[in-house]
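Student: missing the sequence, but the structure's below:
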């Protein structure tokens, strides 16, 4: 994957498949400690201990069409290359938490890329689910919750083109604000 | 700066438009983009975005852009399928955002699949 935002899109698809109704995506940066934490948490059907152990194995997948599943292994590799790590916590019928820690000062750090595009795509392609997107830079934080957006929109669908354009600009502008208004150097 | 007030204005404008728009019938065209790990890694996200943009720009009715999982030919990703009732499925492979405008114009609007981008032209 060329951008971590694509890993986020990929891993969040697993939450959709797991039947989650609420998916939280967290991107928290600490510029002093040079760390980036990416979390994807859902209330989907969860996994057994056995399954949690096996998802980091590229030769594990729930798909029946083929015998490989690269999503989590790729994400794990991207984190470990920087000196970080990936952990998965899951409980059957409760949900799953995937947390990846990156060292942003590592030469092997993959750029974060266009997270806004990932978040907007997740929201507009899965309007029957809810998403919370939390983006933090040190002590600054921006949170988007689709349940609040849906309240404002009423029966206007989230995947209306003007709405998705608004969402993208809204996320981008608020993200830039977290960096003191300067362009985010990661995207 | 984008504000929630702006979102409310979009809502009100869209509501007006929704009442005049006719519902899409059975002849709806579906553009399906493969968005599994293989598709995403190969660049499916900009392709899907380009289809959404192009369909909106042309204000096309009865056309939906959706995503699906792994289509099963990862080496040809990004893969896009165009499904239309009563017509054979058309599969476009090794898609890029640049190819999208031509597919929407020739195929979606005018009904002529872009043969050179299809799986038949690339896989011999």
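Tutor: Perfect, thanks for sending it. Just so it is clear, the model here is predicted, and its values are computed rather than measured. Numbering: from 1, shown residues only, chains lettered A, B, ... in the order given.
Student: would you list every one of the helices in chain B?
Tutor: B:4-20, B:37-42, B:44-57, B:100-102, B:119-122 (DSSP state H).
Student: typo on my end, chain A
Tutor: Using DSSP H, helices in chain A cover A:4-17, A:49-55, A:71-81, A:115-125, A:146-153, A:161-178.
Student: mean pLDDT lowest for which of those?
Tutor: Of all the helices of chain A, mean pLDDT reaches its minimum on helix A:49-55 (a mean of 84).
Student: got the residues of chain A near chain B?
Tutor: A:1, A:6, A:9-10, A:13, A:17, A:63, A:65-66, A:69-71, A:74, A:117-118, A:121, A:124-125, A:149, A:152-156, A:160-164, A:166, A:169-170, A:173 (Cβ under 8 Å from any Cβ of the partner chain). No exception for glycine: its C-beta is placed from N, CA and C like everyone else's.
Student: report the buried members of the residues you listed.
Tutor: Taking 16 or more other Cβ atoms under 10 Å in any protein chain shown as the criterion, what is buried in those is A:1, A:6, A:9-10, A:13, A:69-71, A:74, A:117-118, A:121, A:124-125, A:149, A:153, A:156, A:160-164, A:166, A:170.
Student: picking up where we left off before, adding mean neighbour count and mean pLDDT, write the helices of chain B out as TSV.
Tutor: TSV is the format used below for the helices of chain B (neighbours: other Cβ atoms under 10 Å in any protein chain shown; pLDDT from 0 to 100):
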stretch	mean neighbour count	mean pLDDT
helix B:4-20	13	85
helix B:37-42	24	94
helix B:44-57	21	95
helix B:100-102	18	97
helix B:119-122	13	90
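Student: export those helices to TSV and append columns for distance to residue A:105.
Tutor: Below are those laid out as TSV (distance: least, Cβ to Cβ, whole Å):
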stretch	distance to residue A:105
helix B:4-20	37
helix B:37-42	25
helix B:44-57	27
helix B:100-102	38
helix B:119-122	42
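Student: phi, psi of the nearest residue to residue A:44 once chain neighbours are set aside?
Tutor: In space, and not counting its chain neighbours, residue A:44 is closest to residue A:18: 2.8 Å by Cβ to Cβ, 6 or more residues apart in numbering or on different chains. Per-residue torsions, residue A:18: phi -80, psi 0 (degrees, to the nearest 10).
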